[in-house]
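K.L.:
I need the structure of the sequence given here:
(6 chains)
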6 protein chains.
Amino acid sequence: MARPVCLFTGQWADLPIETMAAKAKELGYDGLELACWGDHFDVQRAMNEDDYCAKHWDLLNNAGIACFAISAHLVGQAVCDRIDERHQQILPESVWGDGEPEGVRQRAAQEMKDTARAARRFFDAAPQGVQDVLASTGKTVVNGFTGSSIWHANYGFPPFTPGMIDAGFADFARRWKPILDVFEQEDVYFALEVHPTEIAFDVLSTRRALEALEHHPRFGFNFDPSHLGYQGVDYIQFLREFGARVHNVPGGVFGGHAPFGTDGRYWEFCSVGRGKVDFEGIVRQLNHHAYQGPLTVEWEDPGMHREHGARESAAYCRRLDFEVSPTAFDAAFSE
Amino acid sequence: MARPVCLFTGQWADLPIETMAAKAKELGYDGLELACWGDHFDVQRAMNEDDYCAKHWDLLNNAGIACFAISAHLVGQAVCDRIDERHQQILPESVWGDGEPEGVRQRAAQEMKDTARAARRFFDAAPQGVQDVLASTGKTVVNGFTGSSIWHANYGFPPFTPGMIDAGFADFARRWKPILDVFEQEDVYFALEVHPTEIAFDVLSTRRALEALEHHPRFGFNFDPSHLGYQGVDYIQFLREFGARVHNVPGGVFGGHAPFGTDGRYWEFCSVGRGKVDFEGIVRQLNHHAYQGPLTVEWEDPGMHREHGARESAAYCRRLDFEVSPTAFDAAFSE
Amino acid sequence: MARPVCLFTGQWADLPIETMAAKAKELGYDGLELACWGDHFDVQRAMNEDDYCAKHWDLLNNAGIACFAISAHLVGQAVCDRIDERHQQILPESVWGDGEPEGVRQRAAQEMKDTARAARRFFDAAPQGVQDVLASTGKTVVNGFTGSSIWHANYGFPPFTPGMIDAGFADFARRWKPILDVFEQEDVYFALEVHPTEIAFDVLSTRRALEALEHHPRFGFNFDPSHLGYQGVDYIQFLREFGARVHNVPGGVFGGHAPFGTDGRYWEFCSVGRGKVDFEGIVRQLNHHAYQGPLTVEWEDPGMHREHGARESAAYCRRLDFEVSPTAFDAAFSE
Amino acid sequence: MARPVCLFTGQWADLPIETMAAKAKELGYDGLELACWGDHFDVQRAMNEDDYCAKHWDLLNNAGIACFAISAHLVGQAVCDRIDERHQQILPESVWGDGEPEGVRQRAAQEMKDTARAARRFFDAAPQGVQDVLASTGKTVVNGFTGSSIWHANYGFPPFTPGMIDAGFADFARRWKPILDVFEQEDVYFALEVHPTEIAFDVLSTRRALEALEHHPRFGFNFDPSHLGYQGVDYIQFLREFGARVHNVPGGVFGGHAPFGTDGRYWEFCSVGRGKVDFEGIVRQLNHHAYQGPLTVEWEDPGMHREHGARESAAYCRRLDFEVSPTAFDAAFSE
Amino acid sequence: MARPVCLFTGQWADLPIETMAAKAKELGYDGLELACWGDHFDVQRAMNEDDYCAKHWDLLNNAGIACFAISAHLVGQAVCDRIDERHQQILPESVWGDGEPEGVRQRAAQEMKDTARAARRFFDAAPQGVQDVLASTGKTVVNGFTGSSIWHANYGFPPFTPGMIDAGFADFARRWKPILDVFEQEDVYFALEVHPTEIAFDVLSTRRALEALEHHPRFGFNFDPSHLGYQGVDYIQFLREFGARVHNVPGGVFGGHAPFGTDGRYWEFCSVGRGKVDFEGIVRQLNHHAYQGPLTVEWEDPGMHREHGARESAAYCRRLDFEVSPTAFDAAFSE
Amino acid sequence: MARPVCLFTGQWADLPIETMAAKAKELGYDGLELACWGDHFDVQRAMNEDDYCAKHWDLLNNAGIACFAISAHLVGQAVCDRIDERHQQILPESVWGDGEPEGVRQRAAQEMKDTARAARRFFDAAPQGVQDVLASTGKTVVNGFTGSSIWHANYGFPPFTPGMIDAGFADFARRWKPILDVFEQEDVYFALEVHPTEIAFDVLSTRRALEALEHHPRFGFNFDPSHLGYQGVDYIQFLREFGARVHNVPGGVFGGHAPFGTDGRYWEFCSVGRGKVDFEGIVRQLNHHAYQGPLTVEWEDPGMHREHGARESAAYCRRLDFEVSPTAFDAAFSE
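P.N.:
Model (predicted):
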C-alpha cells in the first residue's frame, strides 16, 4: 500500500474540525495530522470523557478521512523555553495559568505526559483501516517541539559562559526523560521536529540531544527538511544518520524581525515542490530506510491561498510516492 | 477575480482577426492584446469610422474573447529611430511615405497620438465585462516601443562623443512628451517594453528615461523579463524599483547576425516556463505590488509550432496565477 | 507525423512477448524496440522459420503496437570483449558454447551478421504503417554494443604499453568491418550505444572508432545521453558533431562495485525527465538535424517500479516531442 | 594617500597594549583600532586623568603605529540586551554592578556617552599625521554594538505578539537617541557593526533602525561583510543603499551551540581573503562612495594562529587597496 | 625562450613615446605593442621619412624595450563603419577630411594598406633580438579592427530585411580583400580583434567573415577573451576552432549608455587575472596550438590606476607563462 | 614544528637518486618520499647489503634532504591484479619472471613483505631528526597500491555474476592479510592510495576493503584527493570517516583511451593548487584529526614542466600549512 498523504491541521485551527475534515477530503487527502489546539484534538477531553475518542473517529469517518498521528508543538515548546508574552498566545489557559515561568514549564510537561496517554486512548479506538496502517509501521506517534533554554544564545555573542550549553542540554534531559518514560509506558513515540528555537536544530545539536537522553528509545524525529535547507544542513545526510528514528515526514524557512510574507526577505516558506528542497531525493532516501509512515503537508506559504496550496501539495505528494522496484533492472539480461 | 490570460497578436498578423479570435479562444485564452498592424486593430479606421469600434467588439464577442490593451510597437519604434530600409518593412505606407527620416519620425509621432485617441474610442465602446476589469486596474493601456537615436552607439566603441548620450535622451524627451500629453488628455497610459534597441533597455537607462521625461505620469512599462534576463539584469529588482509603473506583463532573447532559430546561438527565446526566467518569482513579486492587469503571452519560440506553444503557455499562466493568502499561516496558532 | 514513442524491452525479458506487447500499449507506447533475447525477438527463428516474422507481426498487431528497430546489445558485447564468466549469463548457449574466448567472439560475430539478415526479413514483413515510418527515415536499424578488448585498461594505470590502444581499435575494426559489410548487403544500419565498456564511450573514442572503420556508412549511433552526462561529456556537442549518424534515440548512470540501487552511490540512473539530463535541449538539437526516428525509453531506475516509470516516461516523451515552427516569429511584423 | 591598514585589538586583549602595538607594527599594520577593554583603551581614565591620552599616544608613537578609531562593542551590547550571565563576563565591574538588568542597561548607556567624550579627548590629542587622516575623512569614529531587546524572538516561533517588534525598535530609539546626542555634541560618529544579536542585522532591520532613529546624523555603520554573507544578504547592495553612512570597514560567520572551531560546522569565520567574501568587489564599491577611512582587520579564524593570520591579512588588504584611475581608459583614443 | 610580455600603448597615447617606453620597462614589460596614434607609431612618417624607423628603434633600444607588433584599431574601424561624429574624434585629420562617409571609408582603407607597408619597413629595421622572435613565429603582425556596416542591426529589431546581413559581409569582403592583398605583398598578417561593433564578434560571425574572405591567408585573429566571455561565447572552444589563425593574444566587457566605470553596471572590464576569464585555461590551450607569439596586456580597468594595473598584469602574465612538459609523467614508471 | 613538505620521486625515476636529492632541495623541499624503483630505493639491497641503508642516508644527508616514507605502488599493484603486458613494463625482472600471472602475484606479495622489512631497516638507520619526526607521528609508513582482481568489472556491464564482487574482496583479503601481518611484525604501516584500479576507489569500496581485512591495524590510507574529486566523492567527508587511518597526504585525474595531456580531455591532472581541489579545506580537516605527517607533492601535470611545477608546489604547500590557533578568538573578550 502507498503511504497515506496527510494534512497537518495546525495552520487551520480557525476552522472547526468538521469543516476541516470535509475540506481535507475534498482537497485530496487520505488523513489529517490533528493539532492539539483549536477543537482539532483535545487532550484533556480525550483523557476525561469516555466517548470523546469514539465520537471524534465518527466525525472523521463521516468525512471519509483518517488520522495517523497527532501534534503537540505548542505545549511541547513551553517545556524548556524561557517563557514570555509570546507563549501566552499559544498555550491553553490551563497551562499558562499565572504565567510564572517555572510553573508554566511544569504544567506543560504534565500536559505532554497526558498527550501520550490521550494518544494511546485515541488510537486504541481507531477503525480497523487505521489500525492496519499503524501496525505496518509499528508505531503510534505524537509530533511536537521541545523548546530550549539556550536558543537565545544561539549566535554565540555574547560568548557562552563555561558550561552554559552543557547546562541547557542537561535541563532538556531532566525535563523530558520523565515525559518520555510515560511515552514508553503508553507505547507511543515522540517525534521532534528538528527546527530553530528547539533543543535540536541541526546535525550537531541533534547528536547532542540524543546523547543527553542516552538515546531514549521513545525519542525520534518528525523530519521536515524545510527547516534544515536554509541553515545549510545536508538533509539527505541527516536522513542517512538519523533515518532509523524518523517517525513522521512533513514537508517550509528563516525568520527575522519582519513577518513572514514581507517583500524583500531572503527566504520564504513555499508550497511543497515549489521551493528548492529536493523532495524526490528525500523520498528515494526514505525508501532506503523502508519508511512506511505518512507523508504530511504543512501549509506555510505566505504568498499562496492555503486551499490552493493544500490541493496542489496533495497531488504533488502522491506523484512523489511512486512504487519501488522489486527487482534489479539488469536481472532480465540473463533470461 | 483572477488576472485575465491574454495572447499578443503581433506574431500572428498573417491571420485575419476573425480567425485569430477564434483560435485564441480555442487555445485557452481570455483575451487578445491586439497589435496595431495586420487587420487586428486599425488606428485610422477607429478614429475615422463611426462603427469600427462597435463592429470590432462584436467580432470579438462572437468569438467569446476579450481585449484589455492594444500594442503599437512598430510605429512607436520609428519615433526616435535612425530610419533605414528595415523600417519600411514594418511601417504602414502612410507613415513611411517617401522614407525621408525626419518625415518618417514626425508622422510616426503623429500616429502615436492618434493611437491614444483610438484606444480611448475603442475601450469606451467595450462591453461591460471589459469595462469592469479596466475599472479594477484603473488604467487603459497602449503598449509599445519608443525607438532610440543612440542605440547604434550602445557598445561604446568608437567612444561616445561628449554629450552624445545626453542628446539622445533629450531627443527622446522632446519627441515623446507631446505624445504623452495626448495620452494624458485621453486618460490612456503608454507602457514601454524595456528592450534592446529602445531608449530604455536596462535599469540605468530606465532611470534616465524617467528623468528625461520628468516622470511623466502617463509613462510606464510593459514588463517582459525575457529581454532583461540575458542582459544580466535582475528583473525581480527591476520590479521592486519600477513596479508601481508596470501596466502590463507579457512573458522571450539576444540577437546577432544569425536569424532567430539558427543552431549554435548562445541564447534563444523559448516558450513561457521552458526557459530560465523565474516566472513564479515574478508573479509573487507582482502580488507585492497588487498588480491586477493581464498576464499576456508573446510567442517567440523559433523551435516550437506557435499553436503548440500558445496552448501550453495559456495553461502555464493560469497555473502561475494562484490565489494569494489573505491571512498569515501562523495566525491559527492562537486559536 | 510525430515521432513514435517506443519502449525498449531488454529490461522486461522476464515477461513473454504477448504480455509485454499488451502492457506497453496500456502504458502509452506506440511501439517496442525488441530485444534479441528472452522470446522478444529470436534471430535464428527469424532466419530459419518461414512464418516466424509474419506471426510475430500478427502478435504485435493484435496488441495494437508497432516496432521500428531491434536491439542486439548482449551478443554484440561479446564480439570484442575479453570473455569471462559474466558473458555466460547473458549469451545464448549456442554462442557461448564451451566458453573458449576466441570461439565465443567468433560465434558472436556470426550471430551479428545473422541479426542483420533477420532484421531485413522481419522489417520486410512489416505492416504498411511501419513501412511508411521506416521509409520516412530511410533506415532499418539494429541497435547494440560492440564490446572492447581494451576497456580494462581504461583508467590508464598501469600505463598503456606502446601501441596497446591502437591495437584495440585495430581489433575492433578487424572484427566489425565484415559484420558491417553484411549490414550493407542487407540495407540495415548498426547503431552503437556509446557507453562505458564499449569501444566508443566519449567524444575522443567515438572519433577514433569512426576512423578505425574508415567511416563505414553502416555504422552509426543509438544516442543515449545518460551514459555521457555523468562522464562529463557535453552531449549536445556530441549531437552537433555526430548527429548525422544518429539512427535511434533512447533516454540512464555510473557503476562501481556496488549493485545499482545501493544507498550512497554518487550516481544512479533515474526515470526520463527526473534526472539532470536536458532532454528538451536534446530534442531541440535533434530538430536541427531533422531526426524523425523513434524516441525510445529504456527503464533503468532502480528506485522506481518499472511500470510506474514506463508510464510516466511515455507521457514525458510525448510532451517533449512538440511540433516545430514552420515560420519565423517575426515574419508577421511586415503583414 | 592610500587607506591605512589597521588591526582591531579586541581579540588580543590578553596582551598589554605595549606588546600589542609593537606586534602590530611588526605584522605590517599602519594602525590599531583600539578595543575599549583590557588595557587597550580605558574610557574612564581618558575622561579623568589629564595625561592619559598624551601618554597613550606616546606609547603608540614609540611603536611607530597610529590609531584612527576606537571600539566599544562590549558595553554597547548591554545597552538594549536582555541581560544574563554572559554579560557579566564581558562588562567592566563598574557597569555590571549588581547585575540587575535595567541598572546594567542604564550604566552601559552612560558609559557609551562617556566613550564619545573620551574619544573626543583622545583624538584631540592625536599627532599631526593622524589628525590629517581624520581631516580627510571628516569623521571621528567609535565602532560598536547596540544590543537588542528582541533578538531572542528572531526566528519567529513562538510567533511575535502584536506590536512586539515595534516595541523593540522603540526601546532601541529611546535608549540610543540620548547617547547619539552626546556624540553630536562631541562631533563623534557611532558606527554600528550590523551583526546578528544587534538591532540591525540585515537590510530590512537596518532600514527600520534608521527610521526608528529618524536618521540621526551621528548613526552610521562599521561595514563587516562577513556577518552578512552567510545570512544571504547581498553585501554589495547593502553598500549601495547605506554606503554614505559607512564610517569604518573591517573584514568574519554563523554560530550555533558548538564553539567556533568545532569540526562539522556549516560556517566558520576565516582569514580575510581565504573565505567566500568578495573583498575586491567591496573595495571597488567603496571607491564609488569615495570612502577614505581605514581598512581594518578583525581576527576571527579559529583554524589559524592569530599572528599568522594577522600578517597575511595586512598584506592582503594592502594589495586590495589599489589606486583608482583618474581618467577613462578610452580617453587616449582621441590623442 | 618564454613568450615576451608586452603592453599595448593605445590607452596611454597621452604620453609621448619616450615616456611610455621608459615606463613600460620599469613596470616589467619586455615589449610594447605600438598604437598607430598619438606619436607612438606614425604610419605616414614610417613610409615617407628614411630614418624614422631607425630612430624609432633607437628610442626603444635606449629604453631597453622591444616591439613585436603594431596596432591600427582606430583607422581599421572606419573601413566598413557607418561614419558619424564619433569617428572624427578617433581618426587622423588626413583620414577624416571633410567627413563625407564614403570618402572617409576609402581613405581609411588606403591608410590600412599603408599600415602594412609601414609595418614591413619598421620590422625590417628591427634589431636582431626582435628579428629572432619574429622568425620563431614566422609572422609580422598588424592588429586591428574592421568596422561593420551592419552592427547597428545587431539585436534583430526591426527585423533584418532579406539579404541585409549577406550584404554586410559582402561589403566587408569587397573593402578588405584589396587591403589583405597588400598585406600579402608585404608578408604581413592582419589580426582582427573579434569584438562587438566589428564584422566578427562571436563564433558564427567569425565563421561567416572567414567565408566571405574565402579564407584569405593573411586574415587572422588577435584573441582577446574579455570580449567573448560576457557574450556567453566559449572562448576555449573558439581557440580550438580558430587557434591556427591566432596571431596575437591580449587579455578586457559590455557597454551600454553609461560610461565605463559607472556604479551599477552589470559588467566591467578589469585587470588581467582579477575577473572571471580563465587565463590559465587559455594558456594551456595555446600550448596545444604551440603559439609562441607575445602575451600582451591591454589596460581597460576603469576602477584601477593604470600604472598599478599594468605592473601587476606584467607579473601575472609571467607567472602564467610556465614551461611545458617535454615528457609524460608516467614515463618514469618503467625506469 | 610544521609538517615536512616532501616530493614523491616516482615520476622522476629517470634521474639518479643523487641528482634527485639535490634538485628537490633546490626546489624547496624538506624531504623525499622515495619510490621503490629506479635507484631511489632498492628493497633487496636494503635487505641484503649491510651498509646500503647507512650509505643511502649519507647520500640524502649530503644533499640536506630527509625522507619520512617510501612507496611501493608498482609492485603492490601486481599482488591482486589480472596480470598482462602492462605489468611487465613496471615490475622488476625478479618479480615478473616468466610472466605467468599467479606466479607474478605471489612474487609481488613476497616483495611487499620484504618491503616492510626493508623499511624497518632503513628507518632504524635514520638520522636523529628523522627519528624525531617519526616519533611524533608514531608511524613508519610504506605507501602503495593493492591491485584488484575485479576492477575490469567496474562499470557493471556485463552484469556481475552472483558472488563475483564478494570473491574479489575475499581474494584481496586472502593475499594481503599475510603481508599486513609482516607489517605488524616490523611495526610498519601500509597506506593504500585510494584510486581507480585498486580494490578501494571510493567510500563504499573503502568500507568493504576494511571489512574484508577485519580492520587490520596496519592497513591505512595515503589520502590523495585528486583521485576522488573527479569521481564525485566528497573527499572532506572521506577524511571525516577514515581520517584516523590516514598515514600520508599527497596531493592528482581521469583516464580514458587518450594519453594524459591530450587536447579535449574532460579532466586533466594539474599542479597542486591550480585545479579545483580545496586543499585548504583538506588541511583544516587534517588539523581536526591532528595529522602531523608529511605533505607530499606528486607531480602529474602533463601541461607544465615538472621542475616549474615542483617548485611552485613546494611553496604552495608551505603556505597552506599555517599554524593552528591555540586559543578561541573570543577568549579575550573577558580580559
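
K.L.:
Give me the neighbour count for the residue found closest to A:P159 once you drop the neighbours it is linked to in the chain.
P.N.:
Excluding the flanking residues, the one nearest A:P159 by Cβ to Cβ, 6 or more residues apart in numbering or on different chains is F:D330, at 4.5 Å. Every C-beta, even on glycine, is put in place using the N, C-alpha and C of the backbone. Burial of F:D330 is recorded as 20 neighbouring residues (other Cβ atoms under 10 Å in any protein chain shown).

K.L.:
can you check the one 3 residues further on too?
P.N.:
F:F333: 21 surrounding residues under other Cβ under 10 Å.

K.L.:
That one contacts A:P159, correct?
P.N.:
Yes. Under the criterion of Cβ atoms under 8 Å, F:F333 makes contact with A:P159 at 6.0 Å.

K.L.:
picking up where we left off before, ok, the residue nearest to A:P159 to chain E distance?
P.N.:
34 Å (Cβ to the nearest Cβ, to the nearest Å).

K.L.:
which residues are common contacts for F:F333 and A:P159?
P.N.:
D:89-90 (Cβ atoms under 8 Å, 6 or more residues apart in numbering or on different chains).

K.L.:
so does stretch A:61-77 get close to chain D?
P.N.:
Yes. Using Cβ under 8 Å from any Cβ of the partner chain, stretch A:61-77 reaches chain D at A:74, A:77.

K.L.:
What are the buried residues along that stretch?
P.N.:
For stretch A:61-77, burial by neighbour count (16 or more other Cβ atoms under 10 Å in any protein chain shown) applies to A:63, A:65-77.

K.L.:
Straight-line length of it, end to end?
P.N.:
Stretch A:61-77 has an end-to-end distance of 31 Å (criterion: Cα to Cα, to the nearest Å).

K.L.:
Now do that stretch, average pLDDT.
P.N.:
Averaging pLDDT along stretch A:61-77 gives 96.

K.L.:
Tell me, how many residues neighbour A:L134?
P.N.:
Neighbour number of A:L134 under other Cβ under 10 Å is 17.

K.L.:
Return the residues in contact with A:K23.
P.N.:
Applying Cβ under 8 Å, 6+ apart, the residues near A:K23 are A:12, A:15, A:307.

K.L.:
Let's see if you can find the most crowded of these.
P.N.:
Ranking these using other Cβ under 10 Å puts A:W12 first, with 25 neighbours.

K.L.:
Make sure that residue is actually in contact with A:L27.
P.N.:
No. Under the criterion of Cβ under 8 Å, A:W12 is not in contact with A:L27, lying 10.7 Å apart.

K.L.:
how about the nearest residue to whichever residue of the stretch 51-200 of chain A sits closest to chain B, chain neighbours excluded?
P.N.:
Among the residues of the stretch 51-200 of chain A, A:Q89 lies closest to chain B, at 4.4 Å counting by Cβ to the nearest Cβ. Spatially, and ignoring its direct neighbours in sequence, A:Q89 is nearest to B:S334 (4.4 Å; Cβ to Cβ, 6+ apart).

K.L.:
For E:F183, see how far away whatever residue of the stretch 1-150 of chain A ends up closest to chain C is.
P.N.:
Among the residues of the stretch 1-150 of chain A, A:A2 lies nearest to chain C; the distance is 10.7 Å by Cβ to the nearest Cβ. Separation of A:A2 from E:F183 (Cβ to Cβ, to the nearest Å): 75 Å.

K.L.:
Settle it for me: which of the two has more neighbours?
P.N.:
E:F183 (26 against 12).

K.L.:
So the helix or strand hosting the more buried one, near chain C or not?
P.N.:
Per DSSP states H and E: E:F183 is located in helix E:164-186. No. Contact of helix E:164-186 with chain C (Cβ under 8 Å from any Cβ) is absent, the minimum separation being 13.3 Å.

K.L.:
what comes into contact with that helix?
P.N.:
Residues contacting helix E:164-186 (Cβ under 8 Å, 6+ apart): B:85-86, B:257, E:79-80, E:105, E:109, E:112-113, E:116-117, E:119-120, E:142, E:146, E:148-150, E:153, E:189-190, E:199, E:208-209, E:211-213, E:216-219.

K.L.:
ok, then the element right after it?
P.N.:
strand E:189-192.

K.L.:
Tell me the buried residues in the next helix or strand after that next one?
P.N.:
Helices and strands here follow DSSP H and E; after strand E:189-192, the next one along the chain is helix E:203-212. Judged by neighbour count using 16+ other Cβ under 10 Å, the buried positions of helix E:203-212 are E:203-206, E:208-210, E:212.

K.L.:
what about helix E:203-212 and chain C, any contact?
P.N.:
No. Remark: helix E:203-212 sits outside contact range of chain C, by Cβ under 8 Å from any Cβ, the gap being at least 11.9 Å.

K.L.:
for chain A, what are the low-confidence residue spans?
P.N.:
Along chain A, segments meeting pLDDT under 70 span A:1, A:250-276, A:325, A:327, A:329, A:335.

K.L.:
Keep only those of the buried residues of stretch A:61-77 that are in strands.
P.N.:
A:66-72 (DSSP state E).

K.L.:
What residues does the stretch 101-250 of chain A have near chain D?
P.N.:
Residues of the stretch 101-250 of chain A lying near chain D (Cβ under 8 Å from any Cβ): A:150-161, A:164-165, A:168, A:195-197, A:201-205, A:208, A:231-233.

K.L.:
Filter these down to the buried ones and hand me the ChimeraX line.
P.N.:
Restricted to buried positions by 16+ other Cβ under 10 Å, the ChimeraX selection for those reads:
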select /A:150,151,152,153,154,155,156,157,158,159,160,161,164,165,168,195,196,197,201,202,203,204,205,208,231,233
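
K.L.:
one step back: which one of the ones in strands among the buried residues of stretch A:61-77 is nearest C:D58?
P.N.:
A:A66 (49.2 Å; Cβ to Cβ).

K.L.:
Tell me how far the closest one lies from A:A135.
P.N.:
For A:A66, the distance to A:A135 - Cβ to Cβ - is 14 Å.

K.L.:
before we move on, back to that, just put the ones in strands among the buried residues of stretch A:61-77 in a markdown table and tack on distance to C:S94.
P.N.:
Compiled in a markdown table, those are given as follows (distance: Cβ to Cβ, whole Å):
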| residue | distance to C:S94 |
| --- | --- |
| A:A66 | 57 |
| A:C67 | 61 |
| A:F68 | 56 |
| A:A69 | 59 |
| A:I70 | 65 |
| A:S71 | 65 |
| A:A72 | 69 |
